[in-house]
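>>> give me the fold of what follows.
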Amino acid sequence: MNVAPVHAPYPWPTLARLKAEFAGLRVVGDVHGDAVGFGVAIEGARQKRLFTIQLGDLTDRGPDSAATLRMALELRAQHKGLFLLGNHDHKLRRALTGALVRPDPEGLGVTLRQIDSAPDAESLREHAVDAIADAPAWLRLGSWLFVHGGFHPRMLREAPPVNAGSSKPDGLVPRALFGQVTSRTRIDGYPERLHNWVHRIPSGITVYCGHETRSADGRPYVAVAAAGGRAVFLDTGAGKGGHLSWIDLPW
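Next up, the predicted model:
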């Protein structure tokens, strides 16, 4: 597997560098182990000279989280893409480092078994631990803000904390990973989520996020903010009975 040396920090890209090397961006929603779909997305981005930004939640539930991790690590090593920190990625790293976590038998439990049975399991674990620790909790590129779970206006002014994936979520990181939640649980067992944060996106800013499937027609869901901005939700159920979605953003 062609990956970066262990412990090498990833240089988070600037808009100027990306414009010099690529024709635009390909923004990919939650993969959740859909390695086939992720492979198609990556190959298409390569052919179009697009830098790939995956919005987090690479693993769990789908058929091949090991292959999905391997492709994400190769993208990172080749400096042709990166993945943001998602809540499933954060939990996976905790499990891989020996922390006491309760693996969902249909989620993290599946992922851990898939990694254990991979021929490169040891290397995959080691590199995944480092890459998840280093994954940005959010990324701003000009008028675009990329985040897994939810937006906060301070993300437009503040860089994400270094190595957010290696520590307990703090500051703005819980918003980035989990969005905006209440203390209540929905009938399906998931936390009750609010979307008040959408209306704080200022005019001229578009936030690309994943984390929850809000689409009713299989296409990314677009919400218009009261403040004039937009949120584009790209989770369309990959690995969970739906499919993987992406959006291309040319310069």
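>>> count of neighbours near Gly228?
Using other C-beta atoms under 10 Å, Gly228 has 12 neighbouring residues. All C-beta atoms are positioned from the backbone trio N, CA, C, and that covers glycine.
>>> how about the contacts made by the nearest residue to it once chain neighbours are set aside?
Of all residues not flanking Gly228 in the chain, Ser203 sits nearest, at 2.9 Å (C-beta to C-beta, 6 or more residues apart in numbering). With contacts defined as C-beta atoms under 8 Å, 6 or more residues apart in numbering, the neighbours of Ser203 are 227-229.
>>> wait, which of those residues is closest to Gly62?
Gly229 (31.2 Å; C-beta to C-beta).
>>> and for the residue nearest to the closest one when sequence neighbours are not counted, the neighbour number?
What sits nearest to Gly229 in space, not counting adjacent residues and going by C-beta to C-beta, 6+ apart, is Ile201, at 3.0 Å. Neighbourhood size, Ile201 [other C-beta under 10 Å]: 24.
>>> please apply the same query to Asn196.
Asn196: 9 surrounding residues under other C-beta under 10 Å.
>>> equivalent analysis for Arg61, please.
23.
>>> export the contacts of Ser203 as JSON lines, with columns for pLDDT, distance to Arg125 and secondary structure.
Shown next, in JSON lines, are those (pLDDT from 0 to 100; distance: C-beta to C-beta, whole Å; DSSP: H, G, I helix; E, B strand; the rest coil):
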{"residue": "Ala227", "pLDDT": "90", "distance to Arg125": "43", "secondary structure": "coil"}
{"residue": "Gly228", "pLDDT": "94", "distance to Arg125": "44", "secondary structure": "strand"}
{"residue": "Gly229", "pLDDT": "96", "distance to Arg125": "39", "secondary structure": "coil"}
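>>> mind putting the residues you listed into JSON lines with distance to Lys19?
Listed next are these as JSON lines, based on distance: C-beta to C-beta, whole Å:
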{"residue": "Ala227", "distance to Lys19": "27"}
{"residue": "Gly228", "distance to Lys19": "25"}
{"residue": "Gly229", "distance to Lys19": "22"}
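>>> out of those residues, which is nearest to Ala118?
For the contacts of Ser203, the nearest to Ala118 is Gly229 (41.0 Å; C-beta to C-beta).
>>> these two touch, right, Gly81 and Ala41?
No - using C-beta atoms under 8 Å, Gly81 makes no contact with Ala41, being 9.7 Å away.
>>> now do the residue most central in space within the chain, the pLDDT please.
The centre of the chain sits closest to Gly56, judged by C-alpha atoms, centre = their mean, with a distance of 1.2 Å. What the model reports as pLDDT for Gly56 is 96.
>>> what sits closest to it if chain neighbours are left out?
Excluding the flanking residues, the one nearest Gly56 by C-beta to C-beta, 6+ apart is Gly86, at 2.5 Å.
>>> pull the contacting residues for the one you found.
So Gly86 contacts 30, 55-58, 148-149, 177, 210-211 (C-beta under 8 Å, 6+ apart).
>>> now the strands: where do they sit in the chain?
24-28, 50-54, 81-83, 138-141, 144-147, 180-185, 191-194, 206-209, 221-224, 230-233, 246-250 (DSSP state E).
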